[in-house]
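1. Okay, sequence plus prediction incoming.
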Amino acid sequence: MNMTQVKTREELEKKREQRRRRYASYRNAFKKDEKPKNFGPTIKQLVYLLFKGNPVIILVIITAIVSTVLSILGPAILSDAIDELNEQVQIKLSGGQISLGLVLLMILELFIVYGFGSILMYIQQYTMAGITQKIVCALRSQVNTKLSRLPLRFFDLHAKGELLSRIVNDIDNISNTLQHNIISIITSVIMVIGVLAIMLSMNLVMTAITVAVVPVCAIIALRILGISKSLFRRQWDTMGELNGHIEEMYSGHKIVKLFDREQSAIDDFEDINNQLYEVSRKAQFVSGILPPFLSFVNNIGYVLVCIVGGYLVVKGNFTLGGITAFIAYSKMFTQPMVDLAQISNNLQSSLASGERVFAILDEPEETEPENALPVPEFNELLAFNNVSFSYSEDKSLIENMDFAVKPGQLIALVGPTGAGKTTFVNLLMRFYDVCSGSITIDGVDIREIKREEFRSLFGMVLQDTWLFEGTIRENIRYGRLDATDDEIYEASKNARAHHFIITLTDGYDTLLEENGANLSQGQRQLLTITRALIKNPKILILDEATSSVDTRTELLVQQAMSEIMAGRTNFVIAHRLSTIRRADRILFIDNGVIKEQGTHEQLLERQGLYADMYNSQFKGATPKNKLDTDF
C-alpha cells in the first residue's frame, strides 16, 4: 500500500473520530435542562418578510376578515330561521295557515353568506400562495447572495450538507407555515373575538361556562409549547447533520469502498438517523399532546353548554333557535383554539427553521475598505512583512513570515504535510486576513484593496479539480467570460488539452457530468489548468497542479508550463521536489515558519531539511525512473 493510501486512511479515521465527538455534543444537547431558543427576533424577521414589498397582503387580510365575519353571521341567520320555522309549526298546530316565505328567504341568505365566504377564502388562499412563493424565492436569493459574501472561515466551520439543509429543507418549512398558517392565525383570532362578543350578548352564564376552560387550556399549552421549541430546533439541526454526513459519504464513496468502510459509513448514518428519530419522535409526541387535550377539555365545556341551554329552553328563557346558535358559537369559539394549538406546533418547527436560515443572513460579511486603493500593476515587490496567522487562538500556523518576491520569479513552497503551505496561499489570495503583520504589493497593503480587484491578478489551479455541469467550452470560459473561441483554443493548446478535447465526439461542446465525471482525472486537471490560463493572470498559483495526472500527461503539462510561466510570477506548491529544481527561490516551510530558502543547489549544499527531503524522495532512484519534469 503506498503512502497516499495510508494518508487517506488516516484522514478518514480522523474525520470519523471528529464526527463521533460532534455526535456526542449533539447527544449532550438533548439533555432536558437545555433552554429553548428565543424566537422573538425570528418572528419579527418573518413578519417583516411577509409585509415587505407585498401590499397585496393587506387584501389577503381584508378577505380573511370578511370571510370570517360571514362565517360568524351564519349561526345568527340560522337561529332566526329556526325560530321562524318553529313559530310557523305552532301556527300549524293551532289550525292556522303557515307561510314559509321568510324561512326560505333566510335559507337563501345562508347560501349567499356561506357561498360568498367560500369565494373569499379561495381568493385569500390563492393570493397567499403567490405571496409566499415570492417571499421564499426572494429568501433563497438572499441566502445565496449572502453565502457568496461570507468569508472562507464560515464554510470551513459548516458542512456542505448542513448548509444545503438550511437552504432547501428549512426554507421549504418556512414556506409551508407562511402559506397555510399565518392567515389561519388571523382568522382564528378574529373568530374568537367576534364569537365571544356575540355569546356575551346572548347569555352570560353559558358564555362563562364556555370561557371557563380557556385558562386551563392556556396553562397546559404554554407548558407544552415551551418544551416543543427546543425539540423542533434539535430536529432541524440533526436533519442538517444527517444531510452533511450523506453528502460527505457519497461524494467520497470511492474512498469509502477502497478502504472497505461501507459498514462504518452505515454505522455512522444509523447513529445520526437514530438521533433524528428520537428527537423527531419526542417533538411530535410533545406537540401532538396539545390538540387532543384541548379538544377533550373543549368538549366537556360543549356538553355543559348543551345541558344548561336545554334547561333554559325548557324554562322558556331561551328560544330553540337561540340555543342552536349558541351551541354552534360555542363550537366556533373552541375550535379556533384547537386550530391554534395545531398551528403552534407547525409554527415552532418553522421558527426553528427560520432561526437557522436567518443565522446565515446575520453572519458578518467580508468587509471592504471605505476608501479602497486601486490594485497596483505589480512592478516592484510582493512582500510578506512579519506575517503571523492562526485559525484559532490556541494554535499558530504562520509565525513572523518575512520574504519578498519580484515580478516574474518562480517561487516554490515545499515542506511536510500541515506545514502551512496552503495557509500561505489562503493569505496571499485574501481568503483569510493576517492576524499581525502585513502583505503588500508594490508597497500597498492588500487589505486596502478590494478583494475582487486584487484577485484579478491571480490564476489558480487547485489540487482538487472542480468542474460544473456544462460544456467544456463553458468550463474553460469560466476563467474569463469574455474569452473568444480562438483564445479558448490557444489556451487549450498551450495546456496540452486541445488534443484530447477534439478527439471527443462533440469536442469543445461535450457536455460534462457532475464535476467532470465522464473525463479522466488527468483530463479534468488539464481543463482546470486551461481555465486558469485563459484568464492570463500576472500571478499564477499551482497547488499540486500536476499531482493527479499520469507521467506522459505530466510531461506535456510541464512543457506547457515552462512556456506559459515566462513573464509571470509563479507560486508552486509541490511535494515532488523534482518539479521545482529550477525555481528562482525555494521556501522550505515547517510549522508555519520559513526554515530554509534559496535555490535548489544552495539548499542541497546546506545539507538541511530540504536536502533531507530531496534525498529521501530519490533514494534508490535510477536515471530511468527519475523524471526530469522540472519547470
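-> It's in.
2. Excluding sequence neighbours, find me the nearest residue to residue 76.
-> residue 325 (6.1 Å; CB to CB, 6 or more residues apart in numbering). C-beta here means a position set from N, CA and C on the backbone, and glycine is covered the same way.
3. Distance check, that neighbour against residue 239.
-> According to CB to CB, to the nearest Å, residue 325 and residue 239 sit 47 Å apart.
4. Over to residue 100?
-> In terms of CB to CB, residue 100 sits 61 Å off from residue 239.
5. Between these two, which has more neighbouring residues?
-> residue 239 (23 against 11; other CB atoms under 10 Å).
6. burial count for the closest residue to that one other than its chain neighbours?
-> Distances taken as CB to CB, 6+ apart place residue 165 nearest to residue 239, at 5.6 Å, with adjacent residues excluded. Other residues near residue 165 come to 25 when the count uses other CB under 10 Å.
7. Identify the residues contacting residue 165.
-> Contacts for residue 165 (CB atoms under 8 Å, 6 or more residues apart in numbering) come out as 236, 239, 240, 242, 243, 244.
8. same deal with residue 107?
-> residue 81.
9. any idea how far the top helix by length along the chain is from the chain center?
-> Ranked by number of residues, the top helix in the chain under DSSP state H is helix 262-315. On the basis of CA atoms, centre = their mean, to the nearest Å, helix 262-315 is displaced by 30 Å from the centre of the chain it belongs to.
10. Show me what the mean pLDDT comes to for that helix.
-> Throughout helix 262-315, pLDDT has a mean value of 81.
11. Over to stretch 123-135?
-> Stretch 123-135 comes out at a mean pLDDT of 86.
12. buried ones in it?
-> By neighbour count with 16 or more other CB atoms under 10 Å, stretch 123-135 contains the buried residues 124, 127, 128, 131, 132, 135.
13. If you drop the residues flanking it in sequence, what lies closest to the second one?
-> Closest residue to residue 127 in three dimensions, ignoring its sequence neighbours and counting by CB to CB, 6+ apart: residue 60, at 5.1 Å.
14. I figured that neighbour hits residue 121, correct?
-> No. Residue 60 lies out of contact with residue 121 (CB atoms under 8 Å); the separation is 10.8 Å.
15. Which one's more surrounded, those two?
-> For residue 60 and residue 121, the more surrounded residue by other CB under 10 Å is residue 60, and the numbers stand at 22 against 19.
16. Show me what counts as buried in the helix or strand hosting the more buried one.
-> Under the criterion of DSSP states H and E, residue 60 resides in helix 56-93. Residues of helix 56-93 classed as buried: 57, 60-61, 63-68, 70-85, 88 (neighbour count, 16+ other CB under 10 Å).
17. just stretch 170-190 next, same as before
-> 170-171, 173-175, 177-179, 181-185, 187-188, 190.
18. For that stretch, measure first residue to last.
-> 29 Å (CA to CA, to the nearest Å).
19. Quick one: distance of it to the chain centre.
-> 22 Å.
20. Show residues contacting that stretch.
-> 46, 50, 60-61, 64-65, 67-69, 124-125, 128-129, 131-133, 135-136, 139-140, 143, 236, 336-337, 339-340, 343, 346-347, 349-350, 353-354, 356-357.
21. Repeat that for stretch 55-73.
-> 50-51, 113-114, 116-118, 120-121, 123-124, 127-128, 130-131, 183, 186-187, 190-191, 194-195, 198, 332.
22. Distance from that stretch to the middle of the chain?
-> For stretch 55-73, the distance to the chain centre is 35 Å (CA atoms, centre = their mean).
23. what do you get for stretch 121-131?
-> Distance, centroid of stretch 121-131 to centroid of chain: 28 Å (CA atoms, centre = their mean).
24. Just the residues contacting that stretch, thanks.
-> Contacts for stretch 121-131 (CB under 8 Å, 6+ apart): 50, 54, 56-57, 59-60, 63-64, 67, 178-179, 182-183.
25. And these, which is the shakiest by pLDDT?
-> For the contacts of stretch 121-131, the least confident entry is residue 54, with 75.
26. how would you label that one: helix, strand or coil?
-> coil (DSSP: H, G, I helix; E, B strand; the rest coil).
27. Quick check: which ranges of the stretch 401-550 of the chain have low pLDDT?
-> Applying pLDDT under 70 to the stretch 401-550 of the chain flags the ranges 544-550.
28. Show me the helices in it, by range?
-> Counting by DSSP state H, counting those that start in this stretch, the stretch 401-550 of the chain has these helices, from start to end: 421-428, 451-455, 472-477, 485-494, 498-502, 521-534.
29. Packed most tightly, which of the ones you listed would that be?
-> Most buried of the helices of the stretch 401-550 of the chain by mean neighbour count (mean count of other CB atoms under 10 Å) is helix 521-534; its value is a mean of 24.
30. Packing partners of that one?
-> Contacts defined by 3 or more CB pairs under 8 Å, 6 or more residues apart in numbering; DSSP states H and E place helix 521-534 against strand 458-461, helix 472-477, helix 485-494, helix 551-564.
31. So what angle separates the directions of it and helix 485-494?
-> 130 degrees (axes from the mean of the first three to the mean of the last three CA atoms, to 10 degrees).
32. and helix 521-534, C-alpha only, in CSV?
-> In CSV, the C-alpha atoms belonging to helix 521-534 read as follows (Å, rounded to 0.1, in the frame of the first residue of the first chain):
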residue,chain,number,x,y,z
GLN,A,521,-8.7,12.7,-13.6
GLY,A,522,-5.8,13.8,-15.8
GLN,A,523,-8.2,15.3,-18.4
ARG,A,524,-10.0,17.2,-15.6
GLN,A,525,-6.7,18.6,-14.3
LEU,A,526,-5.8,19.8,-17.8
LEU,A,527,-9.1,21.6,-18.1
THR,A,528,-8.6,23.4,-14.8
ILE,A,529,-5.1,24.5,-16.0
THR,A,530,-6.6,25.7,-19.2
ARG,A,531,-9.3,27.6,-17.3
ALA,A,532,-6.5,29.4,-15.2
LEU,A,533,-4.5,30.2,-18.4
ILE,A,534,-7.5,31.8,-20.2
